[in-house]
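Visitor: 3D model of this:
(chains A, B, C, D, E and F)
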Number of protein chains: 6
Amino acid sequence: MTDQNMPTALNLPMVDPLPRETQKYFDICVEKLGFVPNVLRAYAFDIDKLNAFTTTYNDLMLGDSGLSKLEREMIAVVVSAINKCFYCLVAHGAAVRQLSGDPQLGEMLVMNYRVAPLDPRQRALLDFAAKMTTSSAEIEEPDRQHLRDVGLTDRDIWDLANVTGFFNMSNRVASATAMAPNDEYHTQAR
Amino acid sequence: MTDQNMPTALNLPMVDPLPRETQKYFDICVEKLGFVPNVLRAYAFDIDKLNAFTTTYNDLMLGDSGLSKLEREMIAVVVSAINKCFYCLVAHGAAVRQLSGDPQLGEMLVMNYRVAPLDPRQRALLDFAAKMTTSSAEIEEPDRQHLRDVGLTDRDIWDLANVTGFFNMSNRVASATAMAPNDEYHTQAR
Amino acid sequence: MTDQNMPTALNLPMVDPLPRETQKYFDICVEKLGFVPNVLRAYAFDIDKLNAFTTTYNDLMLGDSGLSKLEREMIAVVVSAINKCFYCLVAHGAAVRQLSGDPQLGEMLVMNYRVAPLDPRQRALLDFAAKMTTSSAEIEEPDRQHLRDVGLTDRDIWDLANVTGFFNMSNRVASATAMAPNDEYHTQAR
Amino acid sequence: MTDQNMPTALNLPMVDPLPRETQKYFDICVEKLGFVPNVLRAYAFDIDKLNAFTTTYNDLMLGDSGLSKLEREMIAVVVSAINKCFYCLVAHGAAVRQLSGDPQLGEMLVMNYRVAPLDPRQRALLDFAAKMTTSSAEIEEPDRQHLRDVGLTDRDIWDLANVTGFFNMSNRVASATAMAPNDEYHTQAR
Amino acid sequence: MTDQNMPTALNLPMVDPLPRETQKYFDICVEKLGFVPNVLRAYAFDIDKLNAFTTTYNDLMLGDSGLSKLEREMIAVVVSAINKCFYCLVAHGAAVRQLSGDPQLGEMLVMNYRVAPLDPRQRALLDFAAKMTTSSAEIEEPDRQHLRDVGLTDRDIWDLANVTGFFNMSNRVASATAMAPNDEYHTQAR
Amino acid sequence: MTDQNMPTALNLPMVDPLPRETQKYFDICVEKLGFVPNVLRAYAFDIDKLNAFTTTYNDLMLGDSGLSKLEREMIAVVVSAINKCFYCLVAHGAAVRQLSGDPQLGEMLVMNYRVAPLDPRQRALLDFAAKMTTSSAEIEEPDRQHLRDVGLTDRDIWDLANVTGFFNMSNRVASATAMAPNDEYHTQAR
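Guide: Got it, this is the predicted structure:
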């Protein structure tokens, strides 16, 4: 479906050569992950767009937050499951398996998060993310209050809303452009 | 519903005082628009998050693209109408009225874009944005090819996908946090 | 899309000349509103149908009822928003702005009534109208009881049901025939 | 569920005694049908409302039209099936059985009109009525043109739209008030 | 639509002659019901498939269970109404009329089970069957507990789940193959 | 959620001791698969029900058919993905990985079958299964004809309909009873 040299169905070649800073970032990816995630290669036809994406992504998923990194990855998978985004389910399903050390948890979140054994805080996070994904216009104060009741601060709620929002963006971009996940994800942490 | 001092239902006060660069940016907003959009005030509890947001927003909506600024605002309104996001409908509905000089076009896109008199390219853009919003997992090559058939380049398709994705993010963040649009939008360009 | 001489996409010219009573009614419209609403011009190809429509409309929207005229217009807008009826949103959105003296309330009901600051009675009215519009077959006694609990009489419930029913009819007729609202509505009471 | 003396779940007794004209109309019902349809008894708490209803109903369902009476009843059943309105399915299902002399046709339209052996004109009528019922905002010129292609005039399209609209109103009123159909319908024309 | 010699739209003639055991079973059908149900004729192109079907069916619908035969038929109708399966609505609607001696109950379950006067146990059975049909992935422990609260044993829940599952299978097979119900059902027990 | 000794949330212990034939069948499972699938343990509280299930299952999934075993497993996964059945996605996802020797194909069918590189016959099979699962009442002759056009016989269509129907049954039974898949599936054929 997609040209093997392209990470998406669009013909948008990477800047060549990459700027030194970008090349360095990609080298770190190879070192740490074994590959450059295709989403980064997809944005690399325009370095400003790539930088805007990575800055937002790294702040949301790796930055300081009351939500743990695993919780943020769990949210990513649940949102992506509702949107049926192949790229994000593969990439973030692998992340959940890795961060949790529980491959079945990754599968459950991909397939139907309601079957997963979750504590009330996790369940509340994922229910809110699901409602934001399917019917955000119906969110009202009691939905936010329920999050506070299981211990979230207003800052945590902001982070939850923004991580959920982010994957509702990237799921759609990935599906709209037929973005293909790197093969390496499939076998990680099984 | 929301505290009058807060642009959302979350208690996340702005950094005080704002860094010089941020203050300058807000001053420009006041000068140009007459006010600081509440979405910027909402992100200003954390300047890194604010900067990531404005960098992405400005690149997508104001940067170089084969899509005109009006087309990008039209996409914003159609996506926001499907998601029923009050903040974005108010703010970007005003932008469509202003950029098009056609207040009724703004209303049509808010209410039902199918009644608007659109040329085939505009209609294709908005149909793709609508499909990405409601059922992105069903987008396949013929959907992209149809865009090429009405004259879009692959870069234009990328921009369309990313503008659509962006508002699927910000609609959800705005609804999840009960973000209130500034009063000034309502009467603009009627 | 529609012939400029026709208020809809159907070629159904008005009776010419109009009967004296009809002409008088239209003259009153011009006097009071500044124009003859296109919906009346649309029905005027058959005076019996026009009269049946106006009799029903005037009884429901202007007649004696425990629901205020503003409440009835609010219901009209919420139903029309769910059905995405351009004609009715434009015409009755203007009426809400006018009767309430609150332009933002009109916008909120068009865009997402859940963000509007409503008292419990108003919210109950609009929730019932919304449920009747999307899933009337699921209405059961507790739905009616909830209306009684916020102070509605059985007669009020009848009126609510019939106003909601009426716009579920006229929304569909307007959309099916591409009925165009008069330009004058757009700028009213902004 | 409903008081046996009331045709709905609302406590709205009929005007007593009925005005002479109304009593005469009800007597004709008993003579012709064997009973007074409960929908008429329901509206009879207010004679103006009753008259507005019967005038509209009789014009639409019994008046002059390019659509046959059977076609109008078929539309009524298909709309009512989508809205799952017990009252209208019982009453108008009986009418289809009676007018068509084909009890199975009545059952098919109640259960799934797509299994009925219909000619292209009938199928087009029912498909349009179904689309108006589930997604009227998506009706565009090609939908109307398809009706013209199977032989409908613009006046026929108007009638189709108004019959469909009418049952989208009365289905919702009946369901919202728990209107009960008269027992006599059930065994008619089996 | 379907060849008159075939019970479905597929050209799959019955084994000819039928094995002695099958012929005997069909003879009993004729004796008891007056005809061989078309679903059996449909499967009779392969006797092993026919036997697997009848064994499962007879165990579920006629075998020992805490659910009465009428309750099982009521479930069949409610599931079939959601799936709009003409074959099963006709056949099992007749069964409900017959077993209950209440023709209107059969009609109510076909048209909208929420209008039927049901006791709490019946309502719980049908609500669970409806949820399993429309959104089985959302069933969780409280749904099962509610069934226990109205008196079901875990074995009863198993039977409820399997009857509901069975009609979700056979509804789809019948619709996919345009299976036609025998004419005889239509007039039974009216 | 489920008792560790029980394969579902229902307290329905297996017959003890198992009849000789059943024990033999379970022993073969252990020998071939390494374990007894929990679905068999779930049905084993009643040997007649177990036998009816296995007879139907083995005929459909392992018996003679124009559909290959892999194709039948692909259908199982696509149906189970729509119904979000954790048990069946785990068990039949493993089967697709194993039979195809292509772990990514298994993942694609679980996540979004539209991204999988399928030939026209496979795509037609899966599209038909998906339509049967979400909207079987809308299947008409052109849907069947499309299957014939890609080479299916009427017998193949029967098998497709029955495999699809079967998983619409077992998905719902598994979800309704919280059936848990055996751990061994998760790591198979990755």
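Visitor: alpha carbons only for contacts and neighbour counts from here, please
Guide: Noted.
Visitor: which ones are touching the residue of chain A found nearest chain D?
Guide: In chain A, the residue that lies nearest chain D is A:Ser135 (18.4 Å; C-alpha to the nearest C-alpha). Shown in contact with A:Ser135 (C-alpha atoms under 8 Å, 6 or more residues apart in numbering or on different chains): B:Asn83.
Visitor: Check what pLDDT it gets.
Guide: Looking at A:Ser135, its pLDDT reads 98.
Visitor: where's it, which helix or strand?
Guide: Element membership for A:Ser135, per DSSP states H and E: helix A:120-135.
Visitor: mind checking the longest helix of chain A?
Guide: helix A:154-176 (DSSP state H).
Visitor: And the contacts of stretch A:64-82?
Guide: Contact with stretch A:64-82 is made by A:61-62, A:86, A:88-89, A:92-93, A:95-96, A:99-100, A:109-111, A:113, A:122, A:125-126, A:129-130, A:133-134, A:152, A:155-156, A:159-160, A:163-164, A:167-168, A:171, F:111, as judged by C-alpha under 8 Å, 6+ apart.
Visitor: Keep only those residues that also lie close to chain B.
Guide: Taking C-alpha under 8 Å from any C-alpha of the partner chain as the test, chain B is in contact with A:Thr133, A:Arg155, A:Thr164, A:Phe167, A:Asn168 out of the contacts of stretch A:64-82.
Visitor: and the residue nearest to the spatial centre of chain A, what helix or strand is that in?
Guide: The centroid of chain A falls nearest to A:Ala76 when counting by C-alpha atoms, centre = their mean (4.3 Å). Using DSSP H and E, A:Ala76 maps to helix A:69-83.
Visitor: how about the residues of chain A near chain C?
Guide: A:Ala137, A:Glu138, A:Glu140.
Visitor: Let's have the residues you listed in CSV, adding distance to B:Leu40 and secondary structure.
Guide: CSV is the format used below for those (distance: C-alpha to C-alpha, whole Å; DSSP: H, G, I helix; E, B strand; the rest coil):
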residue, distance to B:Leu40, secondary structure
A:Ala137, 21, helix
A:Glu138, 23, helix
A:Glu140, 22, coil
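Visitor: which intervals of chain A have sub-threshold pLDDT?
Guide: A:1-4 (pLDDT under 70).
Visitor: Give me the secondary structure label for A:Asn5.
Guide: Put simply, A:Asn5 is coil when judged by DSSP: H, G, I helix; E, B strand; the rest coil.
Visitor: For it, give its distance to A:Asn38.
Guide: Distance, A:Asn5 to A:Asn38, by C-alpha to C-alpha, to the nearest Å: 11 Å.
Visitor: Compare neighbour counts for those two and give me the winner.
Guide: It is A:Asn38, of A:Asn5 and A:Asn38, that has more neighbours when counted by other C-alpha atoms under 10 Å in any protein chain shown, with 18 against 8.
Visitor: related to what we said a few turns ago, from the residues of chain A next to chain C, pick the one nearest chain F.
Guide: Nearest to chain F among those, counting by C-alpha to the nearest C-alpha, is A:Glu138 at 23.5 Å.
Visitor: for the nearest residue to the closest one once chain neighbours are set aside, what are its contacts?
Guide: Among residues not flanking A:Glu138 along the chain, C:Arg114 sits closest, at 7.0 Å (C-alpha to C-alpha, 6 or more residues apart in numbering or on different chains). Neighbour list for C:Arg114: A:Ala137, A:Glu138, A:Glu140 [criterion: C-alpha under 8 Å, 6+ apart].
Visitor: neighbour-wise, which of those residues leads?
Guide: Among these, the one with the most neighbours (other C-alpha under 10 Å) is A:Ala137, at 25 neighbours.
Visitor: that older thread, pull out the buried positions in the helix holding A:Ser135.
Guide: A:121-134 (16 or more other C-alpha atoms under 10 Å in any protein chain shown).
Visitor: Repeat that for stretch A:94-114.
Guide: Buried positions in stretch A:94-114, judged by neighbour count with 16+ other C-alpha under 10 Å: A:94-100, A:103-114.
Visitor: Pull the distance from that stretch to the chain's centre.
Guide: Relative to the centre of its chain, stretch A:94-114 is centred 13 Å away, using C-alpha atoms, centre = their mean, to the nearest Å.
Visitor: Give me the distance between the two termini of it.
Guide: Calculated as C-alpha to C-alpha, the first-to-last residue distance of stretch A:94-114 is 19 Å.
Visitor: okay, the helix holding A:Ala76 in PDB with CA atoms only?
Guide: Presented in PDB, the C-alpha positions along helix A:69-83 are these (Å, rounded to 0.1, in the frame of the first residue of the first chain):
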ATOM      1  CA  LYS A  69       4.600   7.100  32.100                       C
ATOM      2  CA  LEU A  70       2.800   3.800  32.100                       C
ATOM      3  CA  GLU A  71      -0.500   5.600  32.700                       C
ATOM      4  CA  ARG A  72       0.100   7.900  29.800                       C
ATOM      5  CA  GLU A  73       0.900   4.900  27.500                       C
ATOM      6  CA  MET A  74      -2.200   3.100  28.800                       C
ATOM      7  CA  ILE A  75      -4.300   6.200  27.800                       C
ATOM      8  CA  ALA A  76      -2.600   6.200  24.400                       C
ATOM      9  CA  VAL A  77      -3.600   2.600  23.700                       C
ATOM     10  CA  VAL A  78      -7.200   3.000  24.900                       C
ATOM     11  CA  VAL A  79      -7.700   6.100  22.700                       C
ATOM     12  CA  SER A  80      -6.000   4.400  19.700                       C
ATOM     13  CA  ALA A  81      -8.200   1.300  20.200                       C
ATOM     14  CA  ILE A  82     -11.300   3.300  19.900                       C
ATOM     15  CA  ASN A  83     -10.000   5.100  16.800                       C
END
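Visitor: mind checking how far whichever helix or strand comes after that helix is from the chain centre?
Guide: Later in the chain than helix A:69-83, the nearest helix or strand by DSSP H and E is helix A:86-100. How far helix A:86-100 lies from its chain's middle: 8 Å, per C-alpha atoms, centre = their mean.
Visitor: What is helix A:86-100 packed up against?
Guide: Other helices and strands packing on helix A:86-100, by 3 or more C-alpha pairs under 8 Å, 6 or more residues apart in numbering or on different chains; DSSP states H and E, are helix A:69-83, helix A:103-111, helix A:154-176, helix F:103-111.
Visitor: ok, and what's touching stretch A:11-30?
Guide: Stretch A:11-30 has contacts (C-alpha under 8 Å, 6+ apart) with A:6, A:35-37, A:41-47, B:154-155.
Visitor: Sorry, wrong one. I was asking about stretch A:169-178.
Guide: Stretch A:169-178 has contacts (C-alpha under 8 Å, 6+ apart) with A:2, A:8-10, A:80, A:83-88, A:180, B:132-133, B:136-137, B:139-140, B:144, B:158, B:161-162, B:164-169, F:115.
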